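# The sequence isn't on hand, but the structure is:
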């Protein structure tokens, strides 16, 4: 908690590794960005004390769980990014890059079709 407090104060990034599906409620004010402005200085409640908040502060959390299931509240407070790479997905990305390099007109047609499909689904 001391490292988190110092990072909040000085605007340093913090990385929590191997988190589970439950996140400590002590982090709720940080995740919700409950920032209070007192006399022109921004503060955030961390536990039982108010800590000066620097806008350069960033919080990153990682997990090794294959498909973590979080509550809707956590999804609302955070941005979840799935960095899992499958062999099929990697193959498709590489194929798209090769086609885009060798036949740009075919890649443009593919992108237009994707946009058109998305527009049709929205309609």
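That came through, no problem. Note that the structure is a prediction, hence the values are computed from the model and not measured. Numbers count the residues shown, from 1 in each chain.
# Pull out the buried residues from the longest strand along the chain.
The longest strand of the chain (DSSP state E) is strand 41-46. With burial defined by 16 or more other Cβ atoms under 10 Å, the residues of strand 41-46 counted as buried are 43, 44, 45, 46. Quick note: C-beta positions are derived from backbone N, CA and C, even for glycine.
# Spatially central, which residue of this structure would that be?
Central residue of the chain (Cα atoms, centre = their mean): residue 79, 3.6 Å from the mean position.
# Three-state assignment for that one, please.
Look at residue 79: counting by DSSP: H, G, I helix; E, B strand; the rest coil, its state is coil.
# Tell me where the protein has strands.
Using DSSP E, the strands found in the chain span residues 13-16, 35-38, 41-46, 49-52, 58-61.
# and the protein, what are its domains?
Domains of the chain are assigned by automatic domain parsing as 2-77, 87-122.
# Return the distance of residue 98 relative to residue 64.
32 Å (Cβ to Cβ, to the nearest Å).
# what does residue 115 give?
As judged by Cβ to Cβ, residue 115 and residue 64 stand 36 Å apart.
# again with residue 10
29 Å.
# Helices of the chain, residue ranges please.
2-10, 28-32, 72-77, 87-102, 104-122 (DSSP state H).
# now the ones you listed as TSV including mean pLDDT, distance to residue 17 and mean neighbour count?
Compiled in TSV, the helices of the chain are given as follows (pLDDT from 0 to 100; distance: least, Cβ to Cβ, whole Å; neighbours: other Cβ atoms under 10 Å):
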stretch	mean pLDDT	distance to residue 17	mean neighbour count
helix 2-10	93	13	14
helix 28-32	90	17	16
helix 72-77	87	17	12
helix 87-102	89	24	10
helix 104-122	92	36	10
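# if we can go back for a sec, the longest strand of the chain vs helix 2-10, what angle?
160 degrees (axes from the mean of the first three to the mean of the last three Cα atoms, to 10 degrees).
# Show me what strand 41-46 packs onto, helices and strands only.
Judged by 3 or more Cβ pairs under 8 Å, 6 or more residues apart in numbering; DSSP states H and E, strand 41-46 is in contact with helix 2-10, helix 28-32, strand 35-38, strand 49-52.
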